[in-house]
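1. pasting a predicted model and its sequence here:
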Amino acid sequence: MRPIARAGLPRLGARPRFTHPAQVVVTSFALALTIGTVLLMLPVSVVDNPPADLLPAPTGRAGGAPFVDALFTAGSAVFVTGLVVVDTATYWSGLGQAVILGLIEVGGLGIMTFASLLGVLLFRRLGLHQRMVTSASLGTLSMADLRGVLLGVAKVALSVQAATALVLALRLATAYDYPPGRALWHGVFHAVSAFNNAGFALYPDNLMGFVEDPWVCLPLAAAVILGGLGFPVLLELRRHYRLPRTWSMNTKVVLAGTAVLLLVGFVTVTALEWGNPETLGPLAWPGKLLAGFFTAVAARTAGFNTVDVAEMHTQTWFAHDVLMFVGAGPAGTGGGIKITTFAVLLFIIVTEIRGETAVNVFGKRLARSVHREAVTVALLAVAVVMTGTWTLMIMTEFSLDQLLFEVVSAFATVGLTTGITHLLPDAGQVLLVVIMFVGRVGPITLATALAVRTRRLMYELPKERPIIG
């Protein structure tokens, strides 16, 4: 007779398995980080003689990259951040750059989304558990027609990246005399980096050499914005772009929030840096406007820079902190607490000030559970940023505004820096990798994955309210 297992307990001898999608998502990112680190530590991933005057030469075994450098670079790539401790263009070989590019693509789409897409293309079907995990990764509540959703994500991602790469390659070949092969490689690399909001560039000064070139800056900015909208928004616009009345609340909030943040960021950065001789000051007014716009776009989680961030005013750094912390749209390639989270908190505040009982957004009422989720995400994010900044303050002697900028950039997977990343001690760099990890998978997802079990109380306690404010 077969023994009957007690409810909630695994059978004796049964293989342990992850039952919650959050656990699978977290584990998949950790596995990708491990594989990327190992690949970047290979001697063939590093150039033979990297310039020692820019960044330190490899000191790992047999000429490979040191563990911390490989770990940090792999983490920054797979978590689509863009912070670097070694120069991407001169330190890593062609193979190393290809590994970074692959990590960016996989990390931007989402590990489970990428794996499920391969499953659909190769095996034409997905198991129930795989469908649940992929649905959670894409931020969709329905598993219906998941195959169509995955193919739609692939089409949108490839189309945007291919178009951007083509424009960049043509520009580099015609205006900068790049050989065809180099122009194509640079076009593809930066297009993938832009759409996935990674911010990696194949130039020691990032994109400062193209500060006044709209044929480089504007295509990259467009790719960054599209990737930051999130796949649910892109797919809905692809199907119903002529019917805005039918758009979901999520799409309307993301589009409105993106427009507002871009406008506020553009005006703020341009105004603050207009006369700064180290940033926008030497540029003609069209170049100032272009650089201000591109900086506002990049601050939303892209990580590219066409002006020296280290030379910006402290007030501009703080404006960046706010833009980075809010971030982009959900279920996309951007980071931050997400536009929807910030918008929900804002609508809750407005509703409370008005004395109303329900939070209404674009003619729809928000569910109470959404209130709790938004507050939880925001408070966990604040806790991560505060803890990370405080820890780095203990480890280093850099100023508070520099360390806060670095931590927010890591958590929001942005990649902008005031120039201190490679000067941090190894422990500080590892801490930033952990913060990038938390920022990419999301505080709630990570907390859910680490939870032993989910409890559902079968009773309610008596109500009582403390004094607020």
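-> Structure's in. What do you need?
2. quick check: phi and psi at residue 361.
-> With angles defined as degrees, to the nearest 10, residue 361 sits at phi -130, psi 120.
3. got the contact list for it?
-> 249, 253, 343-344, 347 (C-beta atoms under 8 Å, 6 or more residues apart in numbering). Bear in mind the C-beta positions are built from the backbone N, C-alpha and C, glycine included.
4. state the mean pLDDT of the helix or strand hosting residue 321.
-> Residue 321 belongs to helix 314-326 when assigned by DSSP states H and E. Here helix 314-326 scores 96 as its mean pLDDT.
5. how many neighbours does residue 222 have?
-> 17 (other C-beta atoms under 10 Å).
6. was I right to think it contacts residue 164?
-> Yes. Taking C-beta atoms under 8 Å as the definition, residue 222 is a contact partner of residue 164 at 7.2 Å.
7. all helices for the stretch 351-469 of the chain, in order.
-> 368-395, 400-411, 426-441, 443-450 (DSSP state H, counting those that start in this stretch).
8. out of these, flag the one nearest residue 93.
-> Closest approach to residue 93 among these (C-beta to C-beta): helix 426-441, 21.6 Å.
9. who does the closest one touch, helix- and strand-wise?
-> helix 21-40, helix 67-78, helix 368-395, helix 400-411, helix 443-450 (3 or more C-beta pairs under 8 Å, 6 or more residues apart in numbering; DSSP states H and E).
10. for the ones you listed, state which one has the densest average packing.
-> For the helices and strands packed on helix 426-441, the largest average neighbour count (mean count of other C-beta atoms under 10 Å) is found in helix 67-78, namely a mean of 26.
11. what angle separates it from helix 400-411?
-> 60 degrees (axes from the mean of the first three to the mean of the last three C-alpha atoms, to 10 degrees).
12. got the angle for helix 67-78 vs helix 21-40?
-> 130 degrees.
13. tilt between helix 67-78 and helix 426-441?
-> Using the same axes, to 10 degrees: helix 67-78 against helix 426-441 is 20 degrees.
14. let me know the next secondary structure element after helix 67-78.
-> Heading C-terminal from helix 67-78 (DSSP H and E), you reach helix 88-91.
15. could you list the buried residues of that next one?
-> Neighbour counts over helix 88-91 (16 or more other C-beta atoms under 10 Å) mark 88-89, 91 as buried.
16. starting at the chain centroid, how far to the longest helix seen in the chain?
-> For the chain, the helix with the greatest residue count under DSSP state H is helix 146-175. Computed by C-alpha atoms, centre = their mean, to the nearest Å, the separation of helix 146-175 from the middle of its chain amounts to 18 Å.
17. helices or strands up against it?
-> If you count contacts as 3+ C-beta pairs under 8 Å, 6+ apart, helix 146-175 packs onto helix 94-109, helix 111-123, helix 128-138, helix 180-195, helix 214-229, helix 231-240.
18. one step back: who wins for proximity to residue 230 among the helices of the stretch 351-469 of the chain?
-> helix 426-441 (14.2 Å).
19. got the angle for that closest one vs helix 368-395?
-> For helix 426-441 against helix 368-395, the angle by the same axes, to 10 degrees is 170 degrees.
20. relative to helix 94-109, how tilted is helix 426-441?
-> 40 degrees.
21. tell me what angle the longest helix of the chain forms with helix 231-240.
-> Interaxial angle of helix 146-175 relative to helix 231-240 (the same axes, to 10 degrees): 90 degrees.
22. residue 202 versus residue 346, what's the distance?
-> 39 Å (C-beta to C-beta, to the nearest Å).
23. looking at the two, which is more packed in?
-> Neighbours were counted for residue 346 and for residue 202 using other C-beta under 10 Å; residue 202 has more, 19 against 13.
24. quick one: contacts for the more buried one?
-> 88-89, 97, 186, 189-190.
25. pLDDT score assigned to it?
-> 95.
26. could you do residue 273 as well?
-> 97.
27. and the gap between it and residue 296?
-> Relative to residue 296, residue 273 is positioned 11 Å away (C-beta to C-beta).
28. what average pLDDT does stretch 410-430 get?
-> 94.
29. ok, and for it, which residues are buried?
-> Neighbour counts over stretch 410-430 (16+ other C-beta under 10 Å) mark 410-418, 420-422, 424, 428-430 as buried.
30. next: stretch 230-242.
-> Here stretch 230-242 shows 230-237 as buried, counting by 16+ other C-beta under 10 Å.
31. hmm, back to that, of all the helices and strands packed on helix 426-441, which one is nearest residue 268?
-> Residue 268 lies closest, by C-beta to C-beta, to one member of those: helix 400-411, at 15.3 Å.
32. and stretch 263-273, how far out from the chain's middle?
-> Relative to its parent chain, stretch 263-273 has a centroid offset of 22 Å by C-alpha atoms, centre = their mean.
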